[in-house]
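Visitor: build me a structure from this.
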Amino acid sequence: MSPTNILILVGVFGGVVSVFVAMGVLVQRRAAAQSGGRWQTGARKKETAVVEITVGARRRPRKRSEPLTMRMVRPLAAIWKLGDTSQSRLQELLVHAGIREKGAVEVFLGAKLALALALPAAVAATMMWRASSTGAAIDYRNMFMYATMGLIVGLLTPVMWLRRRARQRIDRIRLSLPDALDLLIVCVESGLGLDAALLRISREMSDVAPELCEEITLMNLEISAGKPRHECLRNLGLRSGCDEVEALAARISQSAKFGTNLGNSLRIHSESLRQKRRQEAEERAAKTTVKLLFPLVFCIFPAIFVVILGPAALNIMKYFSSK
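Guide: Predicted coordinates:
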């Protein structure tokens, strides 16, 4: 391959990457400006805590060894952090997906940018190798098109995977919540306190509903650390990402605030959840007739027409051909 072709290829690749990185930064900046509310308060508290930790670290310096993965992806993640320094929406998705490791945001952003750079490079290298092996000329138009498609796939695939994982985890929490509420009602009405009942649920249902038990265990740890119960319940709803869990946390907080019977409140909430699940099942069942229309029209009816009208069409063709 001539040096001119290599320079053209590098220029095209750099231009495409620069355009899409700039677009990603602008989109993140707009999303960061529009997003706000419940996660911004936590981000400010986190920044204050980081400042305090930094001051303490200056007084007592110590060496902290980072994993190799963090050292590799940190320069790549710094590019995406130009648009949004807090990364509140991404952090929220990671928490909903059950990914709470330190540096998860940087690892995700670095892996996203690495994949976005690796796919176009792999496409360009494959087309160049095929052109050199066959002796044909390089089609730069197809190379640019396929490299752009690879860049788009590399940018969108990690986000789609993360959203899918978060949605699946939220659905599992939602489905396991009524059973946990039944056990909570039994524990509360038998004389256990709320904290002990929640701890018992996290132990008994760890094999059946590990996601919900993990969130309840974290809430128990926060209560044991000295946080107010209403704040721990609010954090439980934020971490789970499930509207039903947020409603349950609000109901428990209101019951403790106004002194109402917690067992009756939980029983009403459990019945409303089961009724909602029943209505969703009926809605899905009602949609099946509409969803079956397209397979019937495009797959089953043509086969039936061939079986029924095929012999008749052959006989008609034979009849007219004999005359």
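Visitor: mind giving me the domain ranges of the protein?
Guide: 3-167, 170-288 (automatic domain parsing).
Visitor: the bottom helix or strand of the chain by mean pLDDT?
Guide: One helix or strand of the chain scores below all others by mean pLDDT, DSSP states H and E: helix 38-59, with a mean of 42.
Visitor: centre of the chain versus stretch 277-289, how much separation?
Guide: 25 Å (Cα atoms, centre = their mean, to the nearest Å).
Visitor: now do stretch 234-254
Guide: Mean C-alpha position of stretch 234-254 versus that of the full chain (Cα atoms, centre = their mean) differs by 19 Å.
Visitor: hmm, who's touching it?
Guide: Applying Cβ atoms under 8 Å, 6 or more residues apart in numbering, the contact partners of stretch 234-254 are 38-39, 42, 92, 95-96, 166, 169-170, 173-174, 177, 181, 194, 212, 215-216, 218-219, 222, 229-230, 233, 260, 262, 265-266, 269, 273, 276. (Each C-beta comes from the backbone N, C-alpha and C, glycine too.)
Visitor: tell me which element residue 110 is part of?
Guide: For residue 110, the element it lies in under DSSP states H and E is helix 104-134.
Visitor: following element in sequence after that helix, please.
Guide: Using DSSP H and E, the first helix or strand after helix 104-134 is helix 140-189.
Visitor: could you give the angle of that next one to helix 104-134?
Guide: 150 degrees (axes from the mean of the first three to the mean of the last three Cα atoms, to 10 degrees).
Visitor: any weak-confidence spans in the protein?
Guide: Scanning the chain for pLDDT under 70 picks out 1-87, 323.
Visitor: excluding sequence neighbours, find me the nearest residue to the residue positioned nearest the centre of the chain.
Guide: With distances taken as Cα atoms, centre = their mean, residue 163 lies nearest the centre of the chain, 2.2 Å away. Of all residues not flanking residue 163 in the chain, residue 93 sits nearest, at 6.6 Å (Cβ to Cβ, 6 or more residues apart in numbering).
Visitor: list the residues that contact the one you found.
Guide: Contacts of residue 93 (Cβ under 8 Å, 6+ apart): 162, 163, 166.
Visitor: ok, of these, which one's closest to residue 295?
Guide: Of all the contacts of residue 93, residue 295 sits closest to residue 163, with 27.7 Å by Cβ to Cβ.
Visitor: could you dump the contacts of residue 93 to JSON lines with distance to residue 207?
Guide: JSON lines is the format used below for the contacts of residue 93 (distance: Cβ to Cβ, whole Å):
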{"residue": "162", "distance to residue 207": "26"}
{"residue": "163", "distance to residue 207": "27"}
{"residue": "166", "distance to residue 207": "22"}
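Visitor: so which bits of stretch 249-260 are buried?
Guide: 249, 251, 252, 253, 255 (16 or more other Cβ atoms under 10 Å).
Visitor: surely residue 265 meets residue 255?
Guide: Yes: contact criterion Cβ atoms under 8 Å: residue 265 and residue 255 qualify, at 4.8 Å.
Visitor: report the angle between the axes of whichever helix or strand residue 231 is part of and helix 140-189?
Guide: Per DSSP H and E: residue 231 is located in helix 229-240. Using the same axes, to 10 degrees, one finds that helix 229-240 and helix 140-189 are set 150 degrees apart in direction.
Visitor: in helix 229-240, what's buried?
Guide: Those would be 229, 232, 233, 234, 235, 236, 237, 238, 239, 240, for helix 229-240 by 16+ other Cβ under 10 Å.
Visitor: give me the nearest residue to residue 112, chain neighbours excluded.
Guide: Nearest to residue 112 is residue 158, by Cβ to Cβ, 6+ apart, at 4.5 Å.
Visitor: can you list the buried residues of helix 229-240 in TSV and add distance to residue 107?
Guide: Below are those laid out as TSV (distance: Cβ to Cβ, whole Å):
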residue	distance to residue 107
229	33
232	28
233	30
234	28
235	23
236	25
237	26
238	22
239	19
240	23
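Visitor: closest to residue 112 among those?
Guide: Nearest member of those to residue 112, counting by Cβ to Cβ, is residue 239, at 22.9 Å.
Visitor: distance of that closest one relative to residue 100?
Guide: 9 Å (Cβ to Cβ, to the nearest Å).
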